[in-house]
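Trainee: Sequence first, then the predicted structure:
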Amino acid sequence: MIEEAVAVAARTALADQGMSAEDAGADGEDFEISIVLADDAFVRELNRTWRNRDQPTNVLSFPAEDEDDHGPRLLGDVVLAYETIEREALASGTPMLDHVTHLVIHGTLHLLGFDHKTEQEAGEMEALEATLLARLDIADPYAPRPALP
């Protein structure tokens, strides 16, 4: 079930940017991404090593640097921290698969060059994420939520 949600999320983000699996070979360029579902300890180590942040985070993206002329173009890796994602989903009342889908879309967009370092970039990326999630009938995670009684 989670594997299917991850695949649909990645394909949705890729297709939006003109990289659908159905026509990957049409222009002679195939591509692949790796999506890893890991525990918090593994993601914490990656976050410490690559971002100097000694804590787990929900998703990390590692765009590929090498462009090999043989085989598919490697776009990079998306690493999800299952325990963190589960805690966040429970705390926000978001279905787990919806949250995973959102984070895979978010991570995949990073592989495609999107970022949120500035307010403008963040706004653009969040709007695109919300649009892609809406295509999958998933609520906008950035929309204000009513206060709980």
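Mentor: All right, it came through fine.
Trainee: Could you list the buried residues of stretch 54-64?
Mentor: By neighbour count on 16 or more other C-beta atoms under 10 Å, the buried set for stretch 54-64 is 56, 57, 58, 59, 60, 61, 62, 64. C-beta here means a position set from N, CA and C on the backbone, and glycine is covered the same way.
Trainee: Let me see the ranges of the helices in this protein.
Mentor: Assigned by DSSP state H, the helices in the chain fall at 2-16, 40-51, 82-92, 96-111, 119-135.
Trainee: which strands and helices sit next to the last one?
Mentor: When contacts are defined as 3 or more C-beta pairs under 8 Å, 6 or more residues apart in numbering; DSSP states H and E, helix 119-135 sits against helix 2-16, helix 96-111.
Trainee: Single out the most deeply packed of these.
Mentor: helix 96-111 (a mean of 23; mean count of other C-beta atoms under 10 Å).
Trainee: Can you list the neighbours in contact with that helix?
Mentor: Helix 96-111 is touched from outside by 1-2, 5-6, 8-10, 12-14, 33, 35, 58-61, 63-64, 75-76, 78-80, 85-86, 88-89, 92, 125, 128-129, 132-133, 136, 138-139, 141, with contacts defined as C-beta atoms under 8 Å, 6 or more residues apart in numbering.
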